[in-house]
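Enquirer: using only what follows, build the 3D model:
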Amino acid sequence: MLRKRALAACTATVAVGALALAGLTGTASADPAPAPAPAPAAGSAHLSPGLLKAMQRDLGLTAAEARDRIAGESRAAALTAGLRYSLGGRFAGARVSGDDADLTVATTDASDAARITKAGARAEVVDHSLAELDAAKAALDAVALSTAPKDVPAWYVDVRSNRVVVQAGKASAADAFLAKAGVSRELVTVARSTERPRTFTDLRGGDAYYMNGSGRCSIGFPVKRGTQGGFVSAGHCGTPGVSTSGYNQQAQGSFQGSTFPGRDYSWVATNTNWTPRPLVNGYGNGDVTVTGSTEAIEGSSVCRSGSTTGWHCGTVQQRNSSVTYQEGTVSGVTRTNVCAEPGDSGGSFISGSQAQGVTSGGTGNCSQGGVTYFQPLNPALQAYGLTLVTNGSTTPPDPTDPPTTPGGTWAAGTTYAAGDVVTYGSARYRCLQGHQAQPGWTPPNVPALWQAV
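Expert: Numbers count the residues shown, from 1 in each chain. Modelled structure (predicted):
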């Protein structure tokens, strides 16, 4: 069995770095210093091809236009930082518009207009400062923290309209919310809304999941039972009723069926926050799209995805094998020379684009090699009346999207300071130099930033 027992969580310390703006000394009434030039990394020199492709697709730009837009937005951000400092409490927000990233900066004092224009932005004079609007929103947040407002799905500061916008299904709901927070309607626009926000998280083969906080396994393949979404995994990972949380530790679902020993399969029904996708996590080698579940014959190449050791390949050795574990014998599994380790249990075995089965157990490891058995998928689908999610049943996301973290506390977008310790997969890492984590900068991939401990 290759189920991974839970490790003590190691929470990363999030360091908030101070941004020093060169040339921005002096009083708030002084003319702004020239805006600092954008750093090359913030411009267009080192852009991800996937990001450029997505911008072309979604914004209708050419690659050159996408690069120019990013460079313009970088310059606008630097200029805004200088103006925000010099305007002080009169600053009322900034925004860019158009493919050229034209900058508009708002102020509550008309005498600032010449200064803003001289700096290279369009000036706009408004009634309320950004600080005033932020304070109103903070009051709403404080109320919502104790009791979520009913029929009010969202609220935010809109610098374009110089108002706090409160979305609500009914005006009375917004009024009650504002009254409880003590926020004046003079600062607020109530917008009619029928939205019902929810989080968006995909189910993908090979990703980690956790069982009742007592261990970690890997998703085999996303499936459906009627309209109910979920996934198949190994039977030894959990019994019916055991709850699961996803790779991000968010509530996910519960085991509906499980067989072990004898066979080694299970299925988990997930809540509506999790969307089944026809993908297997390639862990840096590109996600693989699942098109079916035709069994590969002996000698065929086969690859395995799991949340401990990632993506490994080999060949099918023998089908219809039996293996005895400490808990008993499992029959009908397929023997391979693909390595695996604890935590990879339940993960995907795939040949080409055809789903093969879920990782059961074996011997060895991914340092010296080993033998791994997988439970064929089709018997599990038949046992529980499940349908495999394939590229014909749902639309896969952009294949350039970065792979998901295979469990742990490391997260893209987080700012880390030297000395911070995180977990990634089954390992712990210490930050060597401060940085903001980017997609793909996972601890095993960037030894200049992270050291295994």
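
Enquirer: remind me which helix or strand Tyr373 belongs to.
Expert: Using DSSP states H and E, Tyr373 maps to strand 369-376.

Enquirer: give the buried residues for the helix or strand that comes right after that strand.
Expert: Sequence-wise, the next helix or strand downstream of strand 369-376 (DSSP H and E) is helix 377-384. Under the neighbour-count criterion of 16 or more other Cβ atoms under 10 Å, helix 377-384 has 377, 380-381, 384 buried. Bear in mind the C-beta positions are built from the backbone N, C-alpha and C, glycine included.

Enquirer: try stretch 130-144
Expert: Buried residues in stretch 130-144 (16+ other Cβ under 10 Å): 130, 132-133, 136-137, 139-140, 143.

Enquirer: okay, the residues you listed in JSON lines with distance to Val223 and pLDDT next?
Expert: Below are the buried residues of stretch 130-144 laid out as JSON lines (distance: Cβ to Cβ, whole Å; pLDDT from 0 to 100):
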{"residue": "Leu130", "distance to Val223": "48", "pLDDT": "94"}
{"residue": "Glu132", "distance to Val223": "52", "pLDDT": "96"}
{"residue": "Leu133", "distance to Val223": "47", "pLDDT": "94"}
{"residue": "Ala136", "distance to Val223": "47", "pLDDT": "92"}
{"residue": "Lys137", "distance to Val223": "42", "pLDDT": "85"}
{"residue": "Ala139", "distance to Val223": "46", "pLDDT": "89"}
{"residue": "Leu140", "distance to Val223": "41", "pLDDT": "85"}
{"residue": "Val143", "distance to Val223": "41", "pLDDT": "81"}
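
Enquirer: for Glu73, state which of the residues you listed is nearest.
Expert: Leu130 (19.1 Å; Cβ to Cβ).

Enquirer: identify the residues contacting that closest one.
Expert: Neighbouring residues of Leu130 by Cβ atoms under 8 Å, 6 or more residues apart in numbering: 91-93, 106, 157, 159.

Enquirer: please name the nearest non-neighbouring residue to it.
Expert: If the residues on either side of it in the chain are set aside, Leu130 comes closest to Gly93, at 4.8 Å by Cβ to Cβ, 6 or more residues apart in numbering.

Enquirer: A strand includes the one you found, no?
Expert: Yes. Counting by DSSP: H, G, I helix; E, B strand; the rest coil, Gly93 falls inside a strand.

Enquirer: ok so, going back, ok, the contacts of Leu130 vs Thr308, which is closest?
Expert: Of all these, Thr308 sits closest to Val157, with 43.3 Å by Cβ to Cβ.

Enquirer: read off the pLDDT value for Leu203.
Expert: Model confidence at Leu203, expressed as pLDDT, equals 84.

Enquirer: ok, back up a step: keep only those of the buried residues of stretch 130-144 that are in helices.
Expert: If you go by DSSP state H, those have 130, 132-133, 136-137, 139-140, 143 in helices.

Enquirer: ok, these vs Ala77, which is closest?
Expert: Among those, and counting by Cβ to Cβ, the member closest to Ala77 is Leu130, at 15.4 Å.
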